[in-house]
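Colleague: need a 3D model of the following:
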Amino acid sequence: MISATKALAVVAAATLPCFALAQPASSTLNRVQQSGTLRVCTPGDYKPFSFEKAPGVFEGLDVDLMQTLAAALQAKPQYVKTSWSNLMPDFVAGKCDIAVGGISVTLERQRQAYFSAPYMINGKTPLTRCENVARYQTIEAINQPAVRVIANPGGSNERFARTHLGRAQLRIHTDNVTIFDEVIKKNADVFVTEAAEAIVQSKAHPELCAVNPQKPLQYAEMAYLLPQGDDVFKHFVDQWLHLSTATGDFGRVRARWLQE
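Modeller: Here you go, the predicted model:
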């Protein structure tokens, strides 16, 4: 019996030749089909979405999904390492066809790129040592002069901290992989990140607890960055995402990495 992933790829592949005749020559879809390579930008430091476990070797929810998208395009994924600070400059410079890895939908990013249809609601959630969960239930409780907040640079976590936690003591930690150790070691009190990451890291570090991840402090959506103005490629990615959800393929990948 053919799997849902393979079935999706077969259906998409069967329809691509006819579709390709009608698409503009400048479309990313046309370039990916001709080259056989889907270039994927990702910071690779954000579990469970994308994590570089060895140089050039990535794993995670978005990585698995990019495998199925590339298959639907009759291509192979090629990962381009970036950082949260350089994500938009690298993407706008044309270093990749799509950017993934737990990217929050923001109006600032929307000015420079398209977003795919959102595939997850994933709002801001405090991550703290378990003995402090009762202390950091709200933005007001965290936004106090005595509270030491830590954030990683260049993304929506830093933006949230600077926008909503201006009274707290804010420290920017450049390594998103070791930022959790800073909270464990009591060098920081709170790290406000996305609910999915807070859940995954609380499971990986028993000392840490996600504070009300089912009721985030701020609403947020996750989506993929796509080239601005390329409606053909956006429509294809959105349709692939819709079919992945409808067939249950997305749900199986999500369950594997989030274990909700």
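Colleague: tell me the SS of the spatially most central residue of the chain?
Modeller: Per C-alpha atoms, centre = their mean, the C-alpha nearest to the average position across the chain is that of residue 102, at 1.0 Å. The three-state label given to residue 102 by DSSP: H, G, I helix; E, B strand; the rest coil is coil.
Colleague: what is the burial count for the residue lying closest to it once chain neighbours are set aside?
Modeller: Nearest residue to residue 102 in three dimensions, chain neighbours excluded: residue 49, at 3.5 Å (C-beta to C-beta, 6 or more residues apart in numbering). Where C-beta positions appear, they are placed from N, C-alpha and C, glycine not excepted. Neighbours of residue 49 under the rule other C-beta atoms under 10 Å: 27.
Colleague: and the pLDDT at residue 49?
Modeller: Looking at residue 49, its pLDDT stands at 95.
Colleague: gap between residue 216 and residue 224?
Modeller: Relative to residue 224, residue 216 is positioned 21 Å away (C-beta to C-beta, to the nearest Å).
Colleague: and these two? Which one has more around it.
Modeller: Neighbours per residue (other C-beta under 10 Å) separate residue 216 from residue 224, with residue 224 holding more: 26 against 20.
Colleague: for the more buried one, give me phi and psi.
Modeller: In this entry, residue 224 is assigned phi and psi values of phi -100, psi 140 (degrees, to the nearest 10).
Colleague: ditto for residue 57
Modeller: Residue 57 adopts backbone torsions of phi -110, psi 120, taken as degrees, to the nearest 10.
Colleague: give me the number of residues near it?
Modeller: A count of nearby residues for residue 57, using other C-beta under 10 Å, gives 11.
Colleague: check contacts around residue 113.
Modeller: Contact analysis of residue 113 by C-beta atoms under 8 Å, 6 or more residues apart in numbering lists 88, 91, 92, 99, 225, 226, 227, 228.
Colleague: need the residues you listed in a markdown table with neighbour count, can you?
Modeller: Below are those laid out as a markdown table (neighbours: other C-beta atoms under 10 Å):
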| residue | neighbour count |
| --- | --- |
| 88 | 20 |
| 91 | 24 |
| 92 | 13 |
| 99 | 27 |
| 225 | 25 |
| 226 | 22 |
| 227 | 20 |
| 228 | 14 |
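Colleague: between those residues, which is nearest residue 155?
Modeller: The nearest member of the contacts of residue 113 to residue 155, counting by C-beta to C-beta, is residue 88 at 10.0 Å.
Colleague: wait, isn't that closest one in contact with residue 112?
Modeller: Yes - when contacts are counted by C-beta atoms under 8 Å, residue 88 is listed as touching residue 112 (5.8 Å).
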